[in-house]
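S.K.: sequence and predicted structure, then a few things I'm wondering about:
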Amino acid sequence: MGATDGAKRLTREAAPTILKLPVLPISYGDAEHFLSALEGRVVPASWRGGLAITYHAGGTDAAKAHIVVKSDWSLKTLYDVVAVMKGSEHPDQWVLRGNHHDGWVFGASDPLSGHVAMMAEAKAIGQLVKSGWRPKRTLVYLSWDGEEPMLLGSTEWAETHAAELKKKALVYINTDGNARGFLRVEGSHSLESYVAKVATDVVDPQTGVSVDARRRAHAMTASGSAGANERAKEVGKIAADPSKDYPLDALGSGSDYSSFLQHLGIASLNVGYGGEGSGGGVYHSAYDTWEHHSKFVDPGFAYAGALAKTTGRLVLRMSEADLPVQRYGDFANTVATYLDEVKKLADKKREEQTAQARMFAANAFKLSDDPTLSSGLPTPLKAVPYFNFAPIENAVVRLKASAKAYDAALAAKGAALPAATKGKLVELAGRTEQALLMEPGLPGGRGWYKNMIYAPGRLTGYGAKTLPGVREAIEDERWTDVDTYAAMIGKALTAYADRLDEGVALINGPSASAKAPGAR
Ligand SMILES: [Zn+2]
(Lines give C-alpha, C1' and ligand atoms only; values in the text may rest on other atoms or scores of the structure.)
Protein backbone atom coordinates (compact mmCIF):
# COMPACT_ATOMS: atom_id res chain seq x y z
CA MET A 1 0.00 0.00 0.00
CA GLY A 2 1.41 3.36 -1.00
CA ALA A 3 1.40 6.27 1.45
CA THR A 4 -1.07 8.23 -0.64
CA ASP A 5 -3.38 10.97 0.64
CA GLY A 6 -6.07 8.80 2.15
CA ALA A 7 -3.87 5.86 3.18
CA LYS A 8 -4.25 4.30 6.61
CA ARG A 9 -1.24 5.25 8.71
CA LEU A 10 0.35 3.44 11.63
CA THR A 11 1.28 5.37 14.73
CA ARG A 12 5.00 5.61 15.35
CA GLU A 13 4.65 3.29 18.35
CA ALA A 14 2.91 0.64 16.25
CA ALA A 15 5.36 0.73 13.35
CA PRO A 16 7.65 -2.30 13.78
CA THR A 17 10.25 -0.92 11.36
CA ILE A 18 10.97 2.22 13.38
CA LEU A 19 13.71 1.22 15.81
CA LYS A 20 13.43 2.11 19.47
CA LEU A 21 16.99 3.43 19.81
CA PRO A 22 17.44 6.79 18.11
CA VAL A 23 20.39 6.89 15.73
CA LEU A 24 22.01 10.17 14.83
CA PRO A 25 25.09 10.85 12.72
CA ILE A 26 27.38 13.42 14.35
CA SER A 27 30.45 15.29 13.16
CA TYR A 28 33.95 14.16 14.12
CA GLY A 29 34.30 17.36 16.19
CA ASP A 30 31.40 16.30 18.45
CA ALA A 31 32.46 12.66 18.44
CA GLU A 32 35.95 13.57 19.61
CA HIS A 33 34.54 14.92 22.92
CA PHE A 34 32.71 11.67 23.60
CA LEU A 35 35.52 9.38 22.50
CA SER A 36 38.25 11.17 24.41
CA ALA A 37 36.16 11.07 27.63
CA LEU A 38 36.23 7.24 27.67
CA GLU A 39 38.76 5.85 30.12
CA GLY A 40 38.48 2.05 29.93
CA ARG A 41 40.82 -0.34 28.17
CA VAL A 42 42.61 0.68 25.01
CA VAL A 43 40.61 -0.79 22.12
CA PRO A 44 42.01 -3.36 19.65
CA ALA A 45 43.83 -1.85 16.66
CA SER A 46 40.98 -2.53 14.23
CA TRP A 47 38.55 -0.42 16.32
CA ARG A 48 40.71 2.71 16.23
CA GLY A 49 39.83 5.67 14.06
CA GLY A 50 41.90 8.50 12.67
CA LEU A 51 41.52 11.12 15.43
CA ALA A 52 44.62 12.20 17.34
CA ILE A 53 43.54 10.49 20.58
CA THR A 54 44.11 7.13 22.23
CA TYR A 55 40.94 5.12 21.67
CA HIS A 56 39.48 3.64 24.84
CA ALA A 57 36.28 1.66 25.48
CA GLY A 58 33.99 2.08 28.49
CA GLY A 59 35.31 3.54 31.72
CA THR A 60 33.92 5.36 34.71
CA ASP A 61 30.81 7.49 35.34
CA ALA A 62 32.81 10.52 34.28
CA ALA A 63 32.17 9.47 30.68
CA LYS A 64 28.36 9.43 30.99
CA ALA A 65 26.54 11.68 28.53
CA HIS A 66 22.94 12.79 28.36
CA ILE A 67 21.88 13.17 24.73
CA VAL A 68 18.62 14.67 23.58
CA VAL A 69 17.59 13.75 20.03
CA LYS A 70 14.92 15.91 18.49
CA SER A 71 13.28 14.42 15.38
CA ASP A 72 10.90 16.10 12.98
CA TRP A 73 8.04 13.60 12.70
CA SER A 74 5.76 15.76 10.57
CA LEU A 75 4.41 14.38 7.29
CA LYS A 76 5.91 15.79 4.12
CA THR A 77 4.58 15.61 0.60
CA LEU A 78 6.92 14.02 -1.92
CA TYR A 79 6.86 14.83 -5.63
CA ASP A 80 7.71 12.08 -8.09
CA VAL A 81 7.73 13.21 -11.70
CA VAL A 82 6.36 10.54 -14.04
CA ALA A 83 6.57 10.93 -17.83
CA VAL A 84 4.83 8.35 -20.00
CA MET A 85 5.22 7.86 -23.75
CA LYS A 86 2.75 5.34 -25.05
CA GLY A 87 4.08 2.48 -27.17
CA SER A 88 2.71 2.18 -30.70
CA GLU A 89 2.61 -1.65 -30.86
CA HIS A 90 2.63 -2.89 -27.27
CA PRO A 91 1.26 -0.08 -25.10
CA ASP A 92 0.78 -2.51 -22.19
CA GLN A 93 4.45 -3.48 -22.05
CA TRP A 94 6.35 -0.89 -20.04
CA VAL A 95 10.05 -0.02 -19.89
CA LEU A 96 10.72 1.80 -16.60
CA ARG A 97 13.65 4.18 -16.28
CA GLY A 98 14.38 6.13 -13.09
CA ASN A 99 16.77 8.28 -11.06
CA HIS A 100 16.07 10.25 -7.91
CA HIS A 101 16.03 14.06 -7.91
CA ASP A 102 16.28 14.81 -4.17
CA GLY A 103 19.71 15.30 -2.57
CA TRP A 104 20.95 15.66 1.00
CA VAL A 105 22.21 19.18 0.31
CA PHE A 106 23.02 20.42 -3.21
CA GLY A 107 23.34 16.88 -4.54
CA ALA A 108 25.47 17.62 -7.61
CA SER A 109 27.03 14.16 -7.81
CA ASP A 110 24.31 12.33 -5.90
CA PRO A 111 21.83 12.30 -7.62
CA LEU A 112 22.03 15.02 -10.26
CA SER A 113 24.97 13.63 -12.25
CA GLY A 114 22.80 10.59 -13.01
CA HIS A 115 19.65 12.64 -13.36
CA VAL A 116 21.06 14.92 -16.08
CA ALA A 117 22.03 11.82 -18.06
CA MET A 118 18.44 10.60 -17.81
CA MET A 119 17.17 14.01 -18.93
CA ALA A 120 19.57 13.97 -21.91
CA GLU A 121 18.33 10.53 -22.83
CA ALA A 122 14.68 11.62 -22.60
CA LYS A 123 15.46 14.67 -24.71
CA ALA A 124 17.07 12.52 -27.41
CA ILE A 125 14.03 10.25 -27.45
CA GLY A 126 11.85 13.36 -27.71
CA GLN A 127 13.79 14.42 -30.80
CA LEU A 128 13.30 10.98 -32.33
CA VAL A 129 9.57 11.35 -31.77
CA LYS A 130 9.57 14.80 -33.40
CA SER A 131 11.13 13.17 -36.44
CA GLY A 132 8.12 10.86 -36.68
CA TRP A 133 9.40 7.80 -34.78
CA ARG A 134 7.37 6.16 -32.00
CA PRO A 135 8.57 3.58 -29.47
CA LYS A 136 6.95 0.16 -29.89
CA ARG A 137 6.55 -0.23 -26.14
CA THR A 138 5.56 2.30 -23.51
CA LEU A 139 8.42 4.26 -21.94
CA VAL A 140 7.95 5.44 -18.37
CA TYR A 141 10.54 7.95 -17.12
CA LEU A 142 10.57 8.39 -13.35
CA SER A 143 12.21 11.17 -11.40
CA TRP A 144 11.99 10.17 -7.74
CA ASP A 145 11.65 12.28 -4.64
CA GLY A 146 12.61 11.24 -1.10
CA GLU A 147 15.26 8.69 -2.05
CA GLU A 148 17.78 9.81 0.53
CA PRO A 149 15.58 9.45 3.64
CA MET A 150 14.52 5.87 2.69
CA LEU A 151 13.85 5.30 -1.03
CA LEU A 152 10.44 6.77 -0.23
CA GLY A 153 9.27 8.22 -3.55
CA SER A 154 9.97 5.04 -5.52
CA THR A 155 8.68 2.72 -2.79
CA GLU A 156 5.33 4.47 -2.38
CA TRP A 157 4.85 4.73 -6.16
CA ALA A 158 5.74 1.06 -6.67
CA GLU A 159 3.39 -0.01 -3.88
CA THR A 160 0.55 2.19 -5.16
CA HIS A 161 0.82 0.80 -8.70
CA ALA A 162 1.92 -2.72 -7.72
CA ALA A 163 -0.84 -4.63 -9.54
CA GLU A 164 -0.44 -2.72 -12.81
CA LEU A 165 3.36 -2.87 -12.67
CA LYS A 166 3.32 -6.62 -12.14
CA LYS A 167 1.21 -6.96 -15.27
CA LYS A 168 3.02 -4.52 -17.52
CA ALA A 169 6.58 -3.74 -16.44
CA LEU A 170 9.35 -5.54 -18.35
CA VAL A 171 12.33 -3.99 -16.60
CA TYR A 172 13.33 -1.18 -14.24
CA ILE A 173 16.57 0.60 -15.19
CA ASN A 174 18.03 2.76 -12.41
CA THR A 175 20.84 5.26 -12.28
CA ASP A 176 22.07 7.47 -9.44
CA GLY A 177 25.32 9.38 -8.93
CA ASN A 178 27.81 9.06 -11.81
CA ALA A 179 31.54 9.74 -12.20
CA ARG A 180 34.51 9.42 -14.52
CA GLY A 181 35.74 5.85 -14.95
CA PHE A 182 34.50 2.37 -15.69
CA LEU A 183 31.03 1.05 -16.43
CA ARG A 184 29.50 -0.72 -13.45
CA VAL A 185 26.23 -2.61 -13.75
CA GLU A 186 24.41 -4.64 -11.14
CA GLY A 187 21.18 -6.43 -11.72
CA SER A 188 19.07 -9.43 -12.64
CA HIS A 189 21.26 -12.06 -14.26
CA SER A 190 18.79 -12.91 -17.02
CA LEU A 191 19.79 -9.48 -18.42
CA GLU A 192 23.54 -10.12 -18.40
CA SER A 193 24.03 -10.66 -22.13
CA TYR A 194 21.72 -7.76 -23.07
CA VAL A 195 23.82 -5.41 -20.92
CA ALA A 196 27.06 -6.88 -22.32
CA LYS A 197 25.93 -6.21 -25.91
CA VAL A 198 25.08 -2.60 -25.11
CA ALA A 199 28.44 -2.12 -23.38
CA THR A 200 30.32 -3.17 -26.53
CA ASP A 201 28.46 -0.49 -28.52
CA VAL A 202 29.23 2.52 -26.32
CA VAL A 203 32.55 4.33 -26.82
CA ASP A 204 34.61 5.30 -23.77
CA PRO A 205 35.17 9.08 -23.93
CA GLN A 206 38.77 8.94 -22.72
CA THR A 207 40.28 6.07 -24.65
CA GLY A 208 38.08 5.60 -27.72
CA VAL A 209 37.65 1.85 -27.10
CA SER A 210 34.28 0.42 -26.07
CA VAL A 211 33.25 0.82 -22.44
CA ASP A 212 33.16 -2.99 -22.31
CA ALA A 213 36.79 -3.27 -23.46
CA ARG A 214 37.76 -0.68 -20.90
CA ARG A 215 36.01 -2.35 -17.96
CA ARG A 216 37.49 -5.70 -18.99
CA ALA A 217 41.01 -4.20 -19.00
CA HIS A 218 40.35 -2.68 -15.59
CA ALA A 219 39.06 -5.97 -14.14
CA MET A 220 42.05 -7.86 -15.54
CA THR A 221 44.65 -5.54 -14.03
CA ALA A 222 42.73 -5.16 -10.74
CA SER A 223 42.59 -8.95 -10.33
CA GLY A 224 46.38 -9.08 -10.40
CA SER A 225 46.90 -6.35 -7.84
CA ALA A 226 47.84 -7.04 -4.23
CA GLY A 227 44.78 -7.33 -2.02
CA ALA A 228 42.42 -8.43 -4.83
CA ASN A 229 39.62 -10.49 -3.29
CA GLU A 230 38.20 -13.77 -4.60
CA ARG A 231 35.45 -12.07 -6.56
CA ALA A 232 37.90 -9.63 -8.20
CA LYS A 233 40.12 -12.55 -9.24
CA GLU A 234 37.14 -14.42 -10.68
CA VAL A 235 35.87 -11.37 -12.61
CA GLY A 236 39.40 -10.74 -13.89
CA LYS A 237 39.48 -14.25 -15.34
CA ILE A 238 36.09 -13.84 -17.01
CA ALA A 239 37.08 -10.41 -18.34
CA ALA A 240 40.18 -11.91 -19.96
CA ASP A 241 38.07 -14.45 -21.88
CA PRO A 242 36.52 -12.74 -24.93
CA SER A 243 34.06 -15.62 -25.39
CA LYS A 244 32.42 -14.72 -22.06
CA ASP A 245 30.15 -11.79 -21.23
CA TYR A 246 31.23 -9.46 -18.47
CA PRO A 247 29.29 -10.53 -15.35
CA LEU A 248 26.64 -8.51 -13.55
CA ASP A 249 26.92 -8.10 -9.81
CA ALA A 250 23.87 -8.79 -7.65
CA LEU A 251 21.77 -5.85 -6.44
CA GLY A 252 21.64 -5.07 -2.73
CA SER A 253 20.00 -1.79 -1.88
CA GLY A 254 20.75 1.90 -1.49
CA SER A 255 18.89 3.22 -4.51
CA ASP A 256 15.44 3.15 -6.06
CA TYR A 257 15.53 -0.30 -7.68
CA SER A 258 14.75 -2.01 -4.37
CA SER A 259 10.94 -1.95 -4.59
CA PHE A 260 10.92 -3.13 -8.17
CA LEU A 261 13.34 -6.02 -7.77
CA GLN A 262 12.85 -7.15 -4.19
CA HIS A 263 9.18 -6.35 -3.58
CA LEU A 264 7.55 -6.66 -7.02
CA GLY A 265 9.92 -9.10 -8.75
CA ILE A 266 10.56 -6.90 -11.78
CA ALA A 267 13.95 -7.51 -13.42
CA SER A 268 16.13 -4.52 -12.58
CA LEU A 269 19.46 -2.91 -13.42
CA ASN A 270 21.54 -0.27 -11.72
CA VAL A 271 23.94 1.45 -14.12
CA GLY A 272 26.75 3.93 -13.52
CA TYR A 273 30.31 4.90 -14.27
CA GLY A 274 32.97 5.48 -11.66
CA GLY A 275 36.32 4.67 -10.16
CA GLU A 276 38.41 7.52 -11.58
CA GLY A 277 36.71 10.71 -10.41
CA SER A 278 37.81 12.10 -7.08
CA GLY A 279 34.47 12.19 -5.34
CA GLY A 280 35.76 10.90 -2.03
CA GLY A 281 34.81 12.79 1.09
CA VAL A 282 31.95 14.88 -0.24
CA TYR A 283 29.31 12.11 -0.40
CA HIS A 284 26.02 13.24 1.18
CA SER A 285 27.63 16.46 2.45
CA ALA A 286 27.38 20.19 1.77
CA TYR A 287 30.53 19.85 -0.35
CA ASP A 288 28.79 17.81 -3.06
CA THR A 289 28.43 20.88 -5.27
CA TRP A 290 28.38 21.73 -8.97
CA GLU A 291 31.89 23.21 -8.63
CA HIS A 292 33.23 20.04 -7.04
CA HIS A 293 31.50 17.69 -9.44
CA SER A 294 32.44 19.54 -12.61
CA LYS A 295 36.06 20.00 -11.53
CA PHE A 296 36.91 16.69 -9.87
CA VAL A 297 34.26 14.02 -10.41
CA ASP A 298 33.40 14.26 -14.12
CA PRO A 299 35.28 17.12 -15.82
CA GLY A 300 33.55 18.14 -19.04
CA PHE A 301 30.62 15.82 -18.14
CA ALA A 302 32.07 13.26 -20.52
CA TYR A 303 30.70 10.38 -18.46
CA ALA A 304 27.25 11.93 -18.14
CA GLY A 305 27.21 11.56 -21.93
CA ALA A 306 28.52 8.00 -21.76
CA LEU A 307 25.84 7.13 -19.20
CA ALA A 308 23.04 8.61 -21.34
CA LYS A 309 24.29 6.60 -24.32
CA THR A 310 24.40 3.42 -22.24
CA THR A 311 21.02 3.67 -20.55
CA GLY A 312 19.41 5.15 -23.67
CA ARG A 313 20.45 2.04 -25.60
CA LEU A 314 19.20 -0.22 -22.81
CA VAL A 315 15.82 1.52 -22.85
CA LEU A 316 15.44 1.53 -26.64
CA ARG A 317 16.57 -2.07 -27.14
CA MET A 318 14.08 -3.23 -24.54
CA SER A 319 11.34 -1.16 -26.13
CA GLU A 320 12.11 -2.08 -29.75
CA ALA A 321 13.29 -5.70 -29.58
CA ASP A 322 10.83 -8.09 -31.21
CA LEU A 323 12.05 -10.98 -29.05
CA PRO A 324 13.00 -11.27 -25.38
CA VAL A 325 16.48 -9.88 -24.65
CA GLN A 326 16.91 -12.29 -21.72
CA ARG A 327 19.36 -15.17 -21.73
CA TYR A 328 18.36 -17.51 -18.95
CA GLY A 329 21.47 -19.69 -18.93
CA ASP A 330 23.29 -16.78 -17.29
CA PHE A 331 20.74 -16.68 -14.48
CA ALA A 332 20.82 -20.46 -13.99
CA ASN A 333 24.63 -20.56 -13.89
CA THR A 334 24.80 -17.66 -11.46
CA VAL A 335 22.28 -19.22 -9.09
CA ALA A 336 24.34 -22.42 -9.19
CA THR A 337 27.37 -20.45 -7.95
CA TYR A 338 25.25 -18.97 -5.13
CA LEU A 339 24.23 -22.49 -4.12
CA ASP A 340 27.91 -23.51 -3.97
CA GLU A 341 28.64 -20.47 -1.83
CA VAL A 342 25.98 -21.21 0.80
CA LYS A 343 27.01 -24.86 0.98
CA LYS A 344 30.63 -23.79 1.56
CA LEU A 345 29.45 -21.25 4.11
CA ALA A 346 27.67 -24.00 6.09
CA ASP A 347 30.81 -26.18 6.01
CA LYS A 348 32.98 -23.30 7.14
CA LYS A 349 30.59 -22.51 10.02
CA ARG A 350 30.67 -26.15 11.07
CA GLU A 351 34.49 -26.25 11.04
CA GLU A 352 34.68 -23.04 13.07
CA GLN A 353 32.27 -24.38 15.69
CA THR A 354 34.13 -27.68 15.96
CA ALA A 355 37.45 -25.87 16.40
CA GLN A 356 35.99 -23.55 19.02
CA ALA A 357 34.39 -26.44 20.94
CA ARG A 358 37.82 -28.13 21.03
CA MET A 359 39.34 -24.95 22.48
CA PHE A 360 36.65 -24.74 25.15
CA ALA A 361 37.22 -28.40 26.06
CA ALA A 362 40.95 -27.72 26.46
CA ASN A 363 40.20 -24.60 28.54
CA ALA A 364 42.31 -22.76 25.94
CA PHE A 365 40.55 -19.39 26.15
CA LYS A 366 41.02 -19.22 29.90
CA LEU A 367 44.62 -20.41 29.90
CA SER A 368 45.75 -18.18 27.04
CA ASP A 369 44.09 -15.08 28.50
CA ASP A 370 46.23 -12.40 30.18
CA PRO A 371 45.29 -12.86 33.88
CA THR A 372 46.05 -9.19 34.65
CA LEU A 373 43.89 -7.90 31.79
CA SER A 374 41.25 -10.51 31.01
CA SER A 375 39.23 -10.29 27.79
CA GLY A 376 36.68 -12.81 29.06
CA LEU A 377 35.46 -15.84 27.15
CA PRO A 378 34.01 -15.74 23.62
CA THR A 379 30.34 -16.59 23.06
CA PRO A 380 30.09 -20.31 22.31
CA LEU A 381 29.00 -20.99 18.73
CA LYS A 382 25.95 -23.20 18.20
CA ALA A 383 26.66 -26.69 16.87
CA VAL A 384 25.95 -26.69 13.11
CA PRO A 385 23.69 -29.48 11.87
CA TYR A 386 23.72 -30.87 8.30
CA PHE A 387 21.17 -29.01 6.22
CA ASN A 388 18.89 -30.17 3.49
CA PHE A 389 19.96 -28.25 0.39
CA ALA A 390 18.31 -30.84 -1.87
CA PRO A 391 15.32 -28.62 -2.78
CA ILE A 392 17.69 -25.96 -4.18
CA GLU A 393 20.00 -28.53 -5.77
CA ASN A 394 17.14 -30.24 -7.60
CA ALA A 395 15.63 -26.91 -8.64
CA VAL A 396 18.97 -25.71 -10.02
CA VAL A 397 19.31 -28.85 -12.17
CA ARG A 398 15.79 -28.29 -13.47
CA LEU A 399 16.40 -24.55 -13.97
CA LYS A 400 19.59 -25.18 -15.96
CA ALA A 401 17.77 -27.63 -18.24
CA SER A 402 14.79 -25.30 -18.78
CA ALA A 403 17.06 -22.30 -19.39
CA LYS A 404 19.14 -24.21 -21.90
CA ALA A 405 16.02 -25.38 -23.73
CA TYR A 406 14.57 -21.86 -23.77
CA ASP A 407 17.76 -20.12 -24.95
CA ALA A 408 18.27 -22.75 -27.67
CA ALA A 409 14.67 -22.66 -28.90
CA LEU A 410 14.62 -18.86 -28.98
CA ALA A 411 17.91 -18.70 -30.91
CA ALA A 412 16.83 -21.36 -33.39
CA LYS A 413 13.21 -20.44 -34.04
CA GLY A 414 12.60 -17.01 -32.49
CA ALA A 415 13.14 -14.87 -35.57
CA ALA A 416 10.64 -16.82 -37.69
CA LEU A 417 7.79 -16.70 -35.15
CA PRO A 418 4.59 -14.75 -35.90
CA ALA A 419 4.54 -11.22 -34.43
CA ALA A 420 1.81 -12.10 -31.91
CA THR A 421 3.87 -14.97 -30.47
CA LYS A 422 6.93 -12.72 -30.22
CA GLY A 423 4.88 -10.18 -28.29
CA LYS A 424 3.60 -12.89 -25.94
CA LEU A 425 7.14 -14.12 -25.32
CA VAL A 426 8.32 -10.65 -24.35
CA GLU A 427 5.36 -10.25 -22.01
CA LEU A 428 6.08 -13.64 -20.43
CA ALA A 429 9.76 -12.73 -19.99
CA GLY A 430 8.66 -9.59 -18.15
CA ARG A 431 6.65 -11.68 -15.69
CA THR A 432 9.16 -14.51 -15.29
CA GLU A 433 11.22 -12.81 -12.58
CA GLN A 434 8.12 -12.56 -10.40
CA ALA A 435 8.32 -16.31 -9.90
CA LEU A 436 11.18 -15.55 -7.51
CA LEU A 437 8.79 -13.88 -5.04
CA MET A 438 7.62 -16.04 -2.15
CA GLU A 439 5.28 -15.38 0.73
CA PRO A 440 5.84 -14.60 3.57
CA GLY A 441 9.10 -13.04 2.34
CA LEU A 442 12.27 -12.89 4.42
CA PRO A 443 12.10 -13.63 8.17
CA GLY A 444 12.75 -11.28 11.08
CA GLY A 445 10.28 -8.54 10.23
CA ARG A 446 11.55 -8.28 6.66
CA GLY A 447 8.55 -9.81 4.91
CA TRP A 448 8.42 -6.86 2.52
CA TYR A 449 11.49 -8.39 0.81
CA LYS A 450 9.96 -11.23 -1.15
CA ASN A 451 12.64 -12.06 -3.71
CA MET A 452 14.21 -15.41 -2.77
CA ILE A 453 17.40 -14.79 -4.79
CA TYR A 454 18.32 -11.13 -4.27
CA ALA A 455 18.10 -8.97 -1.13
CA PRO A 456 20.07 -6.35 0.72
CA GLY A 457 21.76 -7.88 3.76
CA ARG A 458 20.07 -7.36 7.11
CA LEU A 459 23.31 -5.92 8.45
CA THR A 460 25.24 -5.03 5.29
CA GLY A 461 23.52 -1.78 4.33
CA TYR A 462 23.95 -1.43 0.56
CA GLY A 463 25.55 -4.86 0.13
CA ALA A 464 23.66 -7.72 -1.50
CA LYS A 465 22.88 -11.10 0.02
CA THR A 466 22.00 -13.75 -2.53
CA LEU A 467 19.77 -16.67 -1.53
CA PRO A 468 19.21 -14.43 1.52
CA GLY A 469 16.77 -16.68 3.39
CA VAL A 470 19.39 -19.42 3.60
CA ARG A 471 22.62 -17.42 3.64
CA GLU A 472 21.62 -15.16 6.50
CA ALA A 473 20.05 -18.02 8.47
CA ILE A 474 23.42 -19.82 8.38
CA GLU A 475 25.25 -16.63 9.35
CA ASP A 476 22.84 -15.91 12.22
CA GLU A 477 22.65 -19.53 13.52
CA ARG A 478 18.90 -19.83 12.77
CA TRP A 479 19.08 -23.47 11.75
CA THR A 480 15.39 -24.23 11.18
CA ASP A 481 15.15 -21.25 8.83
CA VAL A 482 17.86 -22.78 6.64
CA ASP A 483 15.70 -25.77 5.73
CA THR A 484 12.51 -23.69 5.53
CA TYR A 485 14.06 -21.20 3.11
CA ALA A 486 15.91 -23.87 1.11
CA ALA A 487 12.48 -25.32 0.38
CA MET A 488 11.08 -21.89 -0.55
CA ILE A 489 14.03 -21.10 -2.83
CA GLY A 490 13.54 -24.49 -4.48
CA LYS A 491 9.89 -23.66 -5.09
CA ALA A 492 10.71 -20.23 -6.49
CA LEU A 493 13.32 -21.59 -8.91
CA THR A 494 10.95 -24.34 -10.01
CA ALA A 495 8.22 -21.78 -10.67
CA TYR A 496 10.77 -19.78 -12.68
CA ALA A 497 11.68 -22.89 -14.69
CA ASP A 498 7.95 -23.51 -15.29
CA ARG A 499 7.68 -20.10 -16.94
CA LEU A 500 10.68 -20.87 -19.12
CA ASP A 501 8.96 -24.11 -20.19
CA GLU A 502 5.86 -22.08 -20.97
CA GLY A 503 8.09 -19.98 -23.23
CA VAL A 504 9.52 -23.06 -24.94
CA ALA A 505 5.97 -24.29 -25.59
CA LEU A 506 5.09 -20.90 -27.12
CA ILE A 507 8.17 -21.01 -29.35
CA ASN A 508 7.55 -24.59 -30.48
CA GLY A 509 3.89 -23.85 -31.14
CA PRO A 510 0.76 -25.93 -30.54
CA SER A 511 1.71 -28.69 -32.99
CA ALA A 512 5.04 -29.37 -31.27
CA SER A 513 3.57 -29.45 -27.77
CA ALA A 514 0.79 -31.76 -29.02
CA LYS A 515 3.47 -34.22 -30.11
CA ALA A 516 5.01 -34.34 -26.67
CA PRO A 517 2.20 -33.99 -24.15
CA GLY A 518 3.34 -33.08 -20.68
CA ALA A 519 6.98 -32.87 -21.75
CA ARG A 520 8.92 -31.00 -19.13
ZN1 LIG B 1 21.54 8.87 -4.70
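M.R.: On my side now, so go ahead.

S.K.: what residues are up against the one residue in the stretch 251-400 of the chain that gets nearest to the ion?
M.R.: The minimum distance from the stretch 251-400 of the chain to the ion, using C-beta to the ion, falls at residue 255 (5.8 Å). Every residue, glycine included, has its C-beta placed from N, CA and C. By C-beta atoms under 8 Å, 6 or more residues apart in numbering, the contact set of residue 255 is 100, 147, 151, 174, 176, 270.

S.K.: sec struct for it, please.
M.R.: coil (DSSP: H, G, I helix; E, B strand; the rest coil).

S.K.: how near is residue 289 to residue 107?
M.R.: Distance, residue 289 to residue 107, using C-beta to C-beta, to the nearest Å: 9 Å.

S.K.: who has more neighbours, the two?
M.R.: residue 107 (22 against 16; other C-beta atoms under 10 Å).

S.K.: what's the distance between the more buried one and residue 360?
M.R.: Distance of residue 107 to residue 360, given as C-beta to C-beta: 52 Å.

S.K.: centroid-nearest residue for this protein?
M.R.: residue 251 (1.4 Å; C-alpha atoms, centre = their mean).

S.K.: next, it: secondary structure please.
M.R.: coil.

S.K.: hmm, residue 114 and residue 147 touching each other?
M.R.: No: in this structure, residue 147 is not within contact of residue 114 by C-beta atoms under 8 Å, at 10.8 Å.

S.K.: so what sits against both of those two?
M.R.: Counting by C-beta under 8 Å, 6+ apart, the shared contacts of residue 147 and residue 114 are residue 176.

S.K.: more neighbours: which of the two?
M.R.: Taking neighbours as other C-beta under 10 Å, residue 147 and residue 114 compare with residue 114 leading, 29 against 25.

S.K.: and residue 421, what element?
M.R.: Residue 421 is located in helix 419-432, with elements delineated by DSSP states H and E.

S.K.: and what of residue 339?
M.R.: With elements taken from DSSP H and E, the one containing residue 339 is helix 328-361.

S.K.: the very next helix or strand once past that helix: how far from the chain's middle?
M.R.: Per DSSP H and E, the first helix or strand lying C-terminal to helix 328-361 is helix 364-368. Relative to the chain's own centre, helix 364-368 is displaced by 43 Å; criterion: C-alpha atoms, centre = their mean, to the nearest Å.

S.K.: remind me what the lengthiest strand in the chain packs against, helices and strands.
M.R.: Ranked by number of residues, the top strand in the chain under DSSP state E is strand 90-100. On a contact count with 3 or more C-beta pairs under 8 Å, 6 or more residues apart in numbering; DSSP states H and E, strand 90-100 meets helix 114-130, strand 137-144, helix 152-160, helix 162-168, strand 169-174, helix 302-320, helix 419-432.

S.K.: do you know which of the ones you listed lies nearest residue 181?
M.R.: Of all those, it is helix 302-320 that lies closest to residue 181, at 7.1 Å by C-beta to C-beta.

S.K.: and residue 483, how many neighbours does it have?
M.R.: There are 17 residues near residue 483, going by other C-beta under 10 Å.

S.K.: and if you look at residue 510?
M.R.: By the measure other C-beta under 10 Å, the count of residues near residue 510 is 9.

S.K.: wasn't it part of a helix?
M.R.: Yes: assessed by three-state DSSP, residue 510 belongs to a helix.

S.K.: what segments of the stretch 151-300 of the chain are strands?
M.R.: 169-174, 181-187, 268-275 (DSSP state E, counting those that start in this stretch).

S.K.: so which of the ones you listed is nearest residue 236?
M.R.: In terms of C-beta to C-beta, the element of these nearest to residue 236 is strand 181-187, at 13.1 Å.

S.K.: which residues touch the closest one?
M.R.: By C-beta under 8 Å, 6+ apart, strand 181-187 touches 195, 199, 202, 211-212, 214-215, 218, 248-252, 257, 261, 267-277, 303, 306, 310, 464.

S.K.: rewinding a little: out of the helices and strands packed on strand 90-100, nearest to the ion?
M.R.: Taking C-beta to the ion, helix 114-130 is the member of these nearest to the ion, at 7.4 Å.

S.K.: packing partners of that closest one?
M.R.: strand 81-85, strand 90-100, strand 137-144, helix 302-320.

S.K.: next, the angle strand 268-275 makes with the longest one.
M.R.: This points to helix 302-320. Put simply, helix 302-320 runs at 160 degrees to strand 268-275, going by axes from the mean of the first three to the mean of the last three C-alpha atoms, to 10 degrees.

S.K.: would you map out the domains in this protein?
M.R.: According to automatic domain parsing, the chain is divided into the following domains: 28-63, 81-210+248-321, 329-515.

S.K.: residue most distant from the centroid, this structure?
M.R.: Most remote from the centre of the chain, using C-alpha atoms, centre = their mean: residue 372, at 47.9 Å.

S.K.: hang on, the earlier thing: so which of the strands of the stretch 151-300 of the chain is the most surrounded?
M.R.: strand 169-174 (a mean of 27; mean count of other C-beta atoms under 10 Å).

S.K.: can that strand be found next to the ion?
M.R.: No: judged by C-beta under 5 Å from the ion, strand 169-174 stays clear of the ion, getting no closer than 9.8 Å.

S.K.: so which elements touch that strand?
M.R.: strand 90-100, strand 268-275, helix 302-320, helix 419-432.

S.K.: so how far is the third one from its chain's centroid?
M.R.: This points to helix 302-320. 19 Å.

S.K.: okay, buried residues for that helix please.
M.R.: Within helix 302-320, the residues scored as buried using 16 or more other C-beta atoms under 10 Å are 303-319.

S.K.: what's next to stretch 59-72, contact-wise?
M.R.: Contacts of stretch 59-72 (C-beta under 8 Å, 6+ apart): 22, 24, 34, 37, 38, 39, 40.

S.K.: mind running it again at 6 Å?
M.R.: Contacts with stretch 59-72, where a contact means C-beta atoms under 6 Å, 6 or more residues apart in numbering, come from 22, 24, 37, 38, 39, 40.

S.K.: give me the pLDDT for the fifth one.
M.R.: At residue 39, the predicted lDDT confidence score is 89.

S.K.: residue contacts, it?
M.R.: 56, 59, 60.

S.K.: show me where pLDDT drops low in the stretch 151-300 of the chain?
M.R.: For the stretch 151-300 of the chain, applying pLDDT under 70 flags no range at all.

S.K.: for it, which residue gets nearest to the ion?
M.R.: Closest residue of the stretch 151-300 of the chain to the ion, C-beta to the ion: residue 176 (4.0 Å).

S.K.: so who does that residue touch?
M.R.: By C-beta under 6 Å, 6+ apart, the contact set of residue 176 is 111, 114, 255.

S.K.: how about residue 228, nearest residue that isn't a chain neighbour?
M.R.: Leaving aside its sequence neighbours, residue 228 sits nearest to residue 222 (C-beta to C-beta, 6 or more residues apart in numbering; 6.2 Å).

S.K.: can you give me the neighbour number for that neighbour?
M.R.: The burial count for residue 222: 17, using other C-beta under 10 Å.
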